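Visitor: structure, please.
(one chain, ligands or ions: 1)
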Amino acid sequence: MRRRIIAGNWKMNMLKSEAKQFMVELIPLVKDAKCEIVLCTPYTDIHRVYKLSLGTNIGVGAQNVSWADKGAFTGEISADMLKEVGASYCIIGHSERRAYFGETDESVNKRLLQALKCGLKPIVCVGETLDEREGGLTEKTLARQLTEGLKGAEGDIIIAYEPVWAIGTGRTATPETANETIAFIRKIVTPLIGETSILYGGSMNAANAQSLLDMSEIDGGLIGGASLKSADFSIIVHCK
Ligand code: PEP
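Guide: Predicted structure coming up:
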């Protein structure tokens, strides 16, 4: 089902006291929001943020999930562990994991199937690099990431289109480019998993969010840097 989702990705930020302060500020600012609000925090913040979110309209997620149930996988965190500490969403296949931690379309698919099996709501990230865009390979790259990544998957899967050249760079895709690319993504994913929310991510902030969210294909946002400040994040949450 298509719905407005505003999800924050804290990446490797927010110590205990910072996370608490953020929540104390954010909760009253977004209590009347009309959209689904998610905060994907570092593993170490999930339980704290979850406890502070009880009774509010804020959902909590992780930034990755293991593809295995349990066992000898040093450094990994299972879906059941995430659920136990209060996560109900997880980001899968973020470009930083693809670039720095060897994530592939195949491992994205394994993590996705595991998240769905265990009842976590996945936010699957796809996006082309600058070289791929400039080389005319955007559609080919996205089609591969989506068909391989979503293979055999069924359920409530949120997609985030995050052009790699726009993440953390301050260089946002224009609303028109983001809309056109998400329309292409929708054509691929609808026959595979049905109608779903497709978010835009990449330097979305309080100043540019409305122009992106006004576009017909953009259902919401996955927000990195601007999700670390409660005032900025709440402005995005309240966009029409
Ligand atoms: C992200 O990390 O998913 C992201 C979109 O980051 P930023 O908003 O900082 O570009």
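
Visitor: how about the strands in this protein?
Guide: Ranges of strands in the chain, per DSSP state E, are 5-9, 36-40, 58-62, 89-92, 121-126, 158-161, 198-201, 220-223.

Visitor: send me stretch 109-124 as CSV with only the CA atoms.
Guide: Presented in CSV, the C-alpha positions along stretch 109-124 are these (Å, rounded to 0.1, in the frame of the first residue of the first chain):
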residue,chain,number,x,y,z
ASN,A,109,18.1,-10.5,-1.0
LYS,A,110,19.1,-13.0,1.8
ARG,A,111,18.7,-10.3,4.4
LEU,A,112,15.3,-9.2,2.9
LEU,A,113,13.9,-12.7,3.0
GLN,A,114,15.0,-13.1,6.6
ALA,A,115,13.5,-9.8,7.7
LEU,A,116,10.2,-10.8,6.1
LYS,A,117,10.2,-14.3,7.6
CYS,A,118,10.8,-12.7,11.1
GLY,A,119,8.2,-9.9,10.7
LEU,A,120,10.5,-6.9,10.4
LYS,A,121,9.4,-4.2,7.9
PRO,A,122,12.3,-3.8,5.4
ILE,A,123,13.3,-0.6,3.8
VAL,A,124,15.3,-1.7,0.8
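
Visitor: does it reach the ligand?
Guide: No: Stretch 109-124 is not in contact with the ligand by CB under 6 Å from any ligand atom; minimum separation 9.3 Å. The way it works is simple: take the backbone N, C-alpha and C, and place the C-beta from them, glycine included.

Visitor: how about stretch 48-63?
Guide: No: for stretch 48-63, no contact with the ligand is found by CB under 6 Å from any ligand atom; the gap never falls below 9.0 Å.

Visitor: run the chain-centre distance for that stretch.
Guide: 15 Å (CA atoms, centre = their mean, to the nearest Å).

Visitor: span of it from start to end?
Guide: Chord length of stretch 48-63, first to last residue, is 16 Å (CA to CA, to the nearest Å).

Visitor: can you list contacts of that stretch?
Guide: 7, 9-11, 16, 19-20, 23-24, 26-27, 30-31, 33, 36-43, 46, 77, 82, 85-91, 94, 120-121, 123 (CB atoms under 8 Å, 6 or more residues apart in numbering).

Visitor: what's the mean pLDDT across that stretch?
Guide: The pLDDT scores in stretch 48-63 average 98.

Visitor: likewise stretch 164-178?
Guide: 92.
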